[in-house]
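Visitor: Next one to model:
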Amino acid sequence: MKVALLGAGAMGSLIGAHFFKGGADVTLVDPFAEHINAISENGLKMAIGPEKSSAVYETVPLKAVLTPEEAGPQDVVVVLVKGLYTKSALEGATALFKDDTVVISFQNGVGNVDIIKEQVPAEKTGYGTLNIGSFLNGPGDIYGNPGNGVHIHFTNNTKKLDGHWQGILDALNAGGLLTKFSDDTDAMIWSKLLINSCVNLPCALARVTMGQLWNHPDGKIIQENIARELVAVAQAQGIDITWESAWNAYVDDTLPGVMDHYPSATQDVMNKRKTEVDFLNGAVVRGGIEKGIPTPYNEVVLRFSHVLQDTYDVQFGTNK
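Guide: Predicted coordinates:
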């Protein structure tokens, strides 16, 4: 089975390495030349484990290219670009596709699959959510922590596990990532969306870690209201999610281990990059408009984030 990772940063490289270890013919595709060249020349240096300091490194001999044309037609295309680049990345990746190619999104947030289905038949489109942490140490060098329990939940629009979909499941499990084809995938995606919506841009706007936001009484109230709006929208869309389970999964299971962490969109703001807010809090706002549910907390986060990322070049201190 030929698998291309469209978007091969820390997470794309990690997923690609585990496909390879599971027997797939893998190609990483990404325009980050320094990273791709390092992998192409020396293999991917990868450490996996619960603690970065004690993780054991290995070198995975992956193919890595800068353009889809260099990769050629694939059986499976895994999309891991940021949501704001999904449309342009797929438009530029026609060389990866043949008649039976399937596409699966492991991206953050909600809305990417709708973009993918504008260019790929619905019956060849899948999506999933990752219980994996990853970090790019430097070009060609990553650290990953798959965490506990199931590492990947995924499904597709046909809800049938056959053909290349079975190949995806088999390769990832054989490669060391506990993967499940699950009817619960939509609920898992929205549960993860709750966490990302509560922390990514709120931490960026406040300039704090996840723990510092949570420990401030107003930060905790903001997060709870973001989450309550999200659950209301999800339930209105028929997603099988409850407030208690989703909130407790964040507060009890996720938060204690990441209190000192700056989430990904916060790191984007630190580096003056565009964020995925439109696929996080923005997805809640769009869903609320569709279902007639007010989402004022998520809308404020969305609009302030737009202002923040659109004015990097004129913000105070830029001329000092």
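
Visitor: Can you spell out the domain ranges of the chain, please?
Guide: 2-181, 185-314 (automatic domain parsing).

Visitor: mean confidence for the shortest one?
Guide: So that's domain 185-314. Across domain 185-314, pLDDT averages out at 95.

Visitor: mind checking the end-to-end distance for it?
Guide: 41 Å (Cα to Cα, to the nearest Å).

Visitor: Renumber starting at 19 from here on
Guide: Shifting the count to begin at 19 puts that one at domain 203-332.

Visitor: For residue 105, give me its contacts.
Guide: The contact partners of residue 105, by Cβ atoms under 8 Å, 6 or more residues apart in numbering, come to 133, 136. C-beta here means a position set from N, CA and C on the backbone, and glycine is covered the same way.

Visitor: Just want to check the distance between the closest residue in space to residue 221 that isn't next to it in sequence and residue 319.
Guide: Leaving aside its sequence neighbours, residue 221 sits nearest to residue 284 (Cβ to Cβ, 6 or more residues apart in numbering; 4.4 Å). Distance from residue 284 to residue 319, counting by Cβ to Cβ, to the nearest Å: 12 Å.

Visitor: Now for the two: what residues contact both?
Guide: In contact with both residue 284 and residue 319: residue 219, using Cβ under 8 Å, 6+ apart.

Visitor: tell me the strands in the stretch 19-168 of the chain, going along the chain?
Guide: 20-24, 43-47, 62-66, 74-78, 81-83, 94-97, 120-123, 143-148, 151-156, 159-163 (DSSP state E, counting those that start in this stretch).

Visitor: Kindly reformat those as TSV containing distance to residue 315, mean pLDDT and mean neighbour count.
Guide: Converted to TSV, the strands of the stretch 19-168 of the chain look like this (distance: least, Cβ to Cβ, whole Å; pLDDT from 0 to 100; neighbours: other Cβ atoms under 10 Å):
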stretch	distance to residue 315	mean pLDDT	mean neighbour count
strand 20-24	33	98	26
strand 43-47	37	98	25
strand 62-66	37	95	22
strand 74-78	42	93	13
strand 81-83	41	98	21
strand 94-97	29	98	26
strand 120-123	26	98	25
strand 143-148	23	95	23
strand 151-156	26	90	16
strand 159-163	30	92	22
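
Visitor: To residue 175, which of these lies closest?
Guide: In this view, the strands of the stretch 19-168 of the chain are compared for proximity to residue 175 by Cβ to Cβ, and strand 143-148 is the closest at 5.3 Å.

Visitor: what lines up beside that closest one in the sheet?
Guide: If you go by DSSP bridges, strand 143-148 pairs up with strand 120-123 (parallel), strand 170-174 (antiparallel).

Visitor: hey, what's residue 94 bridged with?
Guide: Counting by DSSP bridges, residue 94 is bridged to residue 21, residue 120.

Visitor: residues touching the closest residue to residue 287 other than its chain neighbours, list them.
Guide: Excluding the flanking residues, the one nearest residue 287 by Cβ to Cβ, 6+ apart is residue 222, at 4.1 Å. With contacts defined as Cβ under 8 Å, 6+ apart, residue 222 is in contact with 281, 283-284, 286-287, 293, 323, 326.

Visitor: Check whether residue 222 sits in a helix, strand or coil.
Guide: Classification of residue 222 using DSSP: H, G, I helix; E, B strand; the rest coil returns helix.

Visitor: Pull up the gap between it and residue 328, please.
Guide: Taken as Cβ to Cβ, the span from residue 222 to residue 328 is 14 Å.

Visitor: Next: residue 66.
Guide: Applying Cβ to Cβ to residue 66 and residue 328 gives a distance of 37 Å.

Visitor: just residue 98 next, same as before
Guide: Residue 98 is 25 Å from residue 328, by Cβ to Cβ.

Visitor: These two - which one has more neighbours?
Guide: residue 98 (25 against 10; other Cβ atoms under 10 Å).

Visitor: Would you check that the more buried one makes contact with residue 125?
Guide: Yes. The pair residue 98 / residue 125 is scored as a contact, 6.2 Å apart, by Cβ atoms under 8 Å.

Visitor: for the residue nearest to residue 272 when sequence neighbours are not counted, helix, strand, or coil?
Guide: Leaving aside its sequence neighbours, residue 272 sits nearest to residue 213 (Cβ to Cβ, 6+ apart; 5.7 Å). Under three-state DSSP, residue 213 falls in the helix class.

Visitor: To what extent is residue 213 buried, counted in neighbours?
Guide: Residue 213, neighbours per other Cβ under 10 Å, totals 24.

Visitor: tell me the contacts of it?
Guide: 267-268, 272.

Visitor: if we go to 10 Å?
Guide: Taking Cβ atoms under 10 Å, 6 or more residues apart in numbering, we find residue 213 in contact with 228, 241, 245, 248, 264-265, 267-269, 271-273, 276, 281, 298.
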